[in-house]
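A.B. asks: pasting a predicted model and its sequence here:
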Amino acid sequence: MAVPTISTPSTPRFSPVAKVSMGFVAVAVACFVFADISITTLDPWSEMKRMAWGAVTPDFSVVTGLGMVVVRTIAFALSGVALGALGGFLLSQVFHLGPVRWACASVRAIHELFWALIFLQMLGLSPLTGVLAIAIPYAGICAKVYAETLEEAELPALRVLPKGTGMVSAFFFARLPEVWVHLKTYTAYRFECGLRSATVLGFVGLPTLGFHLETAFSEGNYSEAAALLIIFYVLIASLRFWMRPKLVGFYVLGAPFLLGGGAAIDMANITRFLTVDIVPAPLRRGEFLDGQTWSNLGDWTWTLLMDQALPGMIATLLLTQIALVATGILALVLFPLISRKFFGPVGRSVGHGFLVVMRSTPEFILAYIFLQLWGPSMLPAIVALSIHNGAIIGHLVGRFSDEVRLRPDSPRGLNLYGFEIVPRVYGQFLAFLFYRWEVIMRETAILGILGIATLGFFIDSALADIRLDRAMFLIAVTAVFNMGIDILSRRIRSRLRLSTQAGRA
Amino acid sequence: MLRGISLTVSAGERVALVGESGAGKSTLLSVLQSRYDGNTALIPQDLGLVRNLSVFHNVYMGSLHRHSAAYNLMNLVWPRPAEVARIRPIVERLGLADKLFERVGRLSGGQQQRTAICRALLQGGDAVLGDEPVSATDNHQSRIILDALSETFETVILAMHDVDLALEFSTRIIGIKGGGIALDAPAGDLSRADLDFLFRD
């Protein structure tokens, strides 16, 4: 008689999640071999000492009109996010249309700093440049998130509405109130991001905190830089005290008047930008029907792809993969700092404070600081990206770990970490990490502006040479590259069945 | 879930669908709803309330089809006195007067149920279809509710689990068992004992 046997593997097997994780680590290690990592500054230690000294001796007196700078930063964030949220809300109503989805995906694949660089060419240093640079990508992001929220919502009231109820009434009574709280929370989170964006836009010349930070750092006034950073942290940390729901309308209406002046917008400039500057050079010069023109365009595209886009993409990819894995490792190390499972109230509040500072500082500013210390290589970018993103994911995973239920006699310390907690939070952790993959790549591209040879470097150089056609081409390449990563990340998440519900951070 | 059912309800009838939970009452109600194309007000089992809106707004939703979108939005932001005056007596009758501007999500189950009934009462129409609309209210309130529904709607069809109340209120009892109609008779001809078999295995 045949005895049914259950075949059990006699050696340990790896789960798909473990295999994917090891694959990513292996790729990162391989990237590390090819990456350009070095410290090129002559004496990084003395510079670091001067920075540390500056950090403990912040000097608030140097920046004249500091109050106005803070107000402007908030005003840019408010105007940009309000416009973006409004646009996103309207777009979310037609998000089911393919072209709308694609348009939203492409505008959000382009970092707000690139948008700022584009609008600087069109509009000059006008307040509108800053506002649009935030509003356009944010509209793309908000449209997606709002549409998903509206779609996922349970809407029991929709079924009992009297026959003949209009679409508008049905939307505002039965649909919107159900998701209002989610939309509000997400928009508030976006506003916090907006404050970071507005600050960073200062690095390309807009009159926000970032402008003064750049100046302070480049002149080596580290006490002044420390003061500006402290103001920035206070601004973020105090958000919930001054960003009251009742005051939002008042703030948003007032913000446009507080953006400050700037260069007047020249219509001729805009027209020239759109009809001449961004048209690929061979098309601009040659006859439209001439075969030579098109063969020139082919050469132009090929050269640009091979000499700039490809090296830029390779560097961006190398850096992204290393930073992604470094982010993951850091997040796994950091999350116990704020977890109830590992620390008491005192330890946790220290952990919270630490993580807040790490994740509130925009990667761009972190990278800028490390670049001053170590000189241009991929190292500053990797460290900056993993600190910022690692702290964000560490925070989310730490909160998630609080919900894990343990048996009363569970182990402690490292055993608890390795056997009880990490296995339980790992899926969520990976979901968060893959969600940030695309964000990390977008940031990696932009760090090129600081002199690291990612796509942003070639875009920035093209802009500096006033070759706007090349810059636009490279920005488009960056956007497509980014959307590709987004799709890949979504595939992996769904293949591994990783919940992305809470992964939106 | 339902098998071989043929059912005609005439205008003016007060029908109680009686049977164990899971017997098919809700399914029969939704079939009735989809087949009937007149003006019906609905009180589904999940009540169809918007938890983030007040009792006033939830009740007002029964009249969305009567007003322009602009007027509806105005009431969403700032309830018009005329609408409050229209809705207050309905809410008062069902004992929710002091909750008129309370968020529905903060009310008890019974209060939420009465809010959904107020909405149906304001909506009006030829018929009301209710799935256990008095499951969370006490006997006294249940009577008030059933009276109010009978006054407002010519035809009333309710799924009910309280047999005594069903006999008292309805003109016709339809007993459901195992997805089919096991009994269909005028309520006046029936006693409590006649319905017991619906709840036995």
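C.D. replies: Nice, I can see it.

A.B. asks: which strand or helix spans the residue nearest to A:Leu258 when sequence neighbours are not counted?
C.D. replies: Excluding its sequence neighbours, the residue lying closest to A:Leu258 (C-beta to C-beta, 6 or more residues apart in numbering or on different chains) is A:Ala75, at 4.0 Å. Every C-beta, even on glycine, is put in place using the N, C-alpha and C of the backbone. For A:Ala75, the host element (DSSP states H and E) is helix A:66-92.

A.B. asks: what segments of chain B are strands?
C.D. replies: Counting by DSSP state E, the segments of chain B that form strands are B:14-18, B:40-43, B:127-131, B:155-160, B:172-177, B:180-186.

A.B. asks: dump those strands into CSV; add mean neighbour count, mean pLDDT and distance to A:Trp102 as well.
C.D. replies: As requested, the strands of chain B are arranged in CSV below (neighbours: other C-beta atoms under 10 Å in any protein chain shown; pLDDT from 0 to 100; distance: least, C-beta to C-beta, whole Å):
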stretch, mean neighbour count, mean pLDDT, distance to A:Trp102
strand B:14-18, 25, 92, 50
strand B:40-43, 23, 91, 39
strand B:127-131, 24, 92, 43
strand B:155-160, 25, 92, 48
strand B:172-177, 22, 89, 51
strand B:180-186, 14, 86, 52
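
A.B. asks: and the residue nearest to B:Val31 when sequence neighbours are not counted, how far from A:Ala453?
C.D. replies: Excluding the flanking residues, the one nearest B:Val31 by C-beta to C-beta, 6+ apart is B:Leu2, at 6.8 Å. Remark: distance between B:Leu2 and A:Ala453 (C-beta to C-beta, to the nearest Å) = 69 Å.

A.B. asks: just the element for A:Ser223, please.
C.D. replies: Using DSSP H and E, A:Ser223 falls in helix A:222-237.

A.B. asks: tell me the buried residues in that helix?
C.D. replies: Across helix A:222-237, burial judged by 16 or more other C-beta atoms under 10 Å in any protein chain shown covers A:222-229, A:231-232, A:235-236.

A.B. asks: what residues does chain B put near chain A?
C.D. replies: Proximity of chain B to chain A is confined to B:39, B:41-44, B:46-53, B:57-58, B:60-65, B:67-69, B:72-73, B:76, B:116, B:119, B:123, B:125 under the rule C-beta under 8 Å from any C-beta of the partner chain.

A.B. asks: among these, which ones are buried?
C.D. replies: Using 16+ other C-beta under 10 Å, the buried ones in the residues of chain B next to chain A are B:39, B:41-44, B:47-51, B:53, B:57-58, B:60-65, B:67, B:69, B:72-73, B:76, B:116, B:119, B:123, B:125.

A.B. asks: which helix or strand contains A:Thr476?
C.D. replies: No Thr there; residue A:476 is Ala. Going by DSSP H and E, A:Ala476 is part of helix A:468-495.

A.B. asks: what comes up buried for that helix?
C.D. replies: Buried residues in helix A:468-495 (16+ other C-beta under 10 Å): A:468-475, A:477-479, A:481-483, A:485-486, A:489, A:492-493.

A.B. asks: for the residue nearest the centre of chain B, name its beta-bridge partners.
C.D. replies: The structure's chain B has its C-alpha centroid closest to B:Gly130; by C-alpha atoms, centre = their mean the separation is 3.2 Å. B:Gly130 has the following beta-bridge partners by DSSP bridges: B:Ile43, B:Leu158.

A.B. asks: what's near enough to touch it?
C.D. replies: Contacts for B:Gly130 (C-beta atoms under 8 Å, 6 or more residues apart in numbering or on different chains) come out as B:42-43, B:117, B:120, B:149, B:156-159.

A.B. asks: and the helix holding A:Ser223, what does it pack onto?
C.D. replies: If you count contacts as 3 or more C-beta pairs under 8 Å, 6 or more residues apart in numbering or on different chains; DSSP states H and E, helix A:222-237 packs onto helix A:44-56, helix A:66-92, helix A:176-201, helix A:209-218, helix A:345-360.

A.B. asks: next, the angle helix A:209-218 makes with it.
C.D. replies: 150 degrees (axes from the mean of the first three to the mean of the last three C-alpha atoms, to 10 degrees).

A.B. asks: who's in contact with whichever helix or strand comes after helix A:222-237?
C.D. replies: As assigned by DSSP H and E, the chain's next helix or strand after helix A:222-237 is helix A:239-242. Contact with helix A:239-242 is made by A:191-192, A:195, as judged by C-beta under 8 Å, 6+ apart.

A.B. asks: pLDDT-wise, what's the bottom of these?
C.D. replies: Across the contacts of helix A:239-242, the smallest pLDDT goes to A:Glu192, namely 91.

A.B. asks: show me the shaky parts of the chain.
C.D. replies: Since you didn't name a chain, this refers to chain A. For chain A, applying pLDDT under 70 flags the ranges A:1-10, A:62-63, A:262-263, A:499-505.

A.B. asks: other chain: chain B
C.D. replies: B:1, B:201.

A.B. asks: what strand or helix carries A:Ala139?
C.D. replies: Here A:Ala139, judged by DSSP H and E, is contained in helix A:127-152.

A.B. asks: now the contacts of helix A:239-242 as TSV including distance to chain B?
C.D. replies: Below are these laid out as TSV (distance: C-beta to the nearest C-beta, whole Å):
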residue	distance to chain B
A:Phe191	21
A:Glu192	24
A:Leu195	28
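
A.B. asks: by neighbour count, which of those residues wins?
C.D. replies: Neighbour counts for these (other C-beta atoms under 10 Å in any protein chain shown) peak at A:Leu195, which has 27 neighbours.

A.B. asks: pull stretch A:346-366 out as PDB, backbone CA atoms only.
C.D. replies: Extracted C-alpha coordinates of stretch A:346-366, given in PDB (Å, rounded to 0.1, in the frame of the first residue of the first chain):
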ATOM      1  CA  VAL A 346      12.700  58.400  27.800                       C
ATOM      2  CA  GLY A 347      14.700  56.300  25.300                       C
ATOM      3  CA  ARG A 348      12.000  56.600  22.700                       C
ATOM      4  CA  SER A 349      11.700  60.400  23.000                       C
ATOM      5  CA  VAL A 350      15.400  60.700  22.400                       C
ATOM      6  CA  GLY A 351      15.000  58.300  19.400                       C
ATOM      7  CA  HIS A 352      12.000  60.300  18.100                       C
ATOM      8  CA  GLY A 353      14.000  63.600  18.300                       C
ATOM      9  CA  PHE A 354      16.900  62.000  16.500                       C
ATOM     10  CA  LEU A 355      14.700  60.600  13.700                       C
ATOM     11  CA  VAL A 356      12.800  63.800  13.300                       C
ATOM     12  CA  VAL A 357      15.900  65.800  12.700                       C
ATOM     13  CA  MET A 358      17.200  63.200  10.300                       C
ATOM     14  CA  ARG A 359      14.100  62.900   8.200                       C
ATOM     15  CA  SER A 360      13.200  66.600   8.300                       C
ATOM     16  CA  THR A 361      16.400  67.600   6.700                       C
ATOM     17  CA  PRO A 362      15.900  67.500   2.900                       C
ATOM     18  CA  GLU A 363      18.400  65.100   1.200                       C
ATOM     19  CA  PHE A 364      19.500  67.900  -1.000                       C
ATOM     20  CA  ILE A 365      20.700  69.900   2.000                       C
ATOM     21  CA  LEU A 366      22.300  66.800   3.600                       C
END
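
A.B. asks: which residue ranges of the stretch 301-450 of chain A form helices?
C.D. replies: Assignment of helices within the stretch 301-450 of chain A using DSSP state H, counting those that start in this stretch yields the ranges A:310-334, A:345-360, A:363-374, A:378-401, A:413-415, A:422-447.

A.B. asks: I am finished for the moment; much appreciated.
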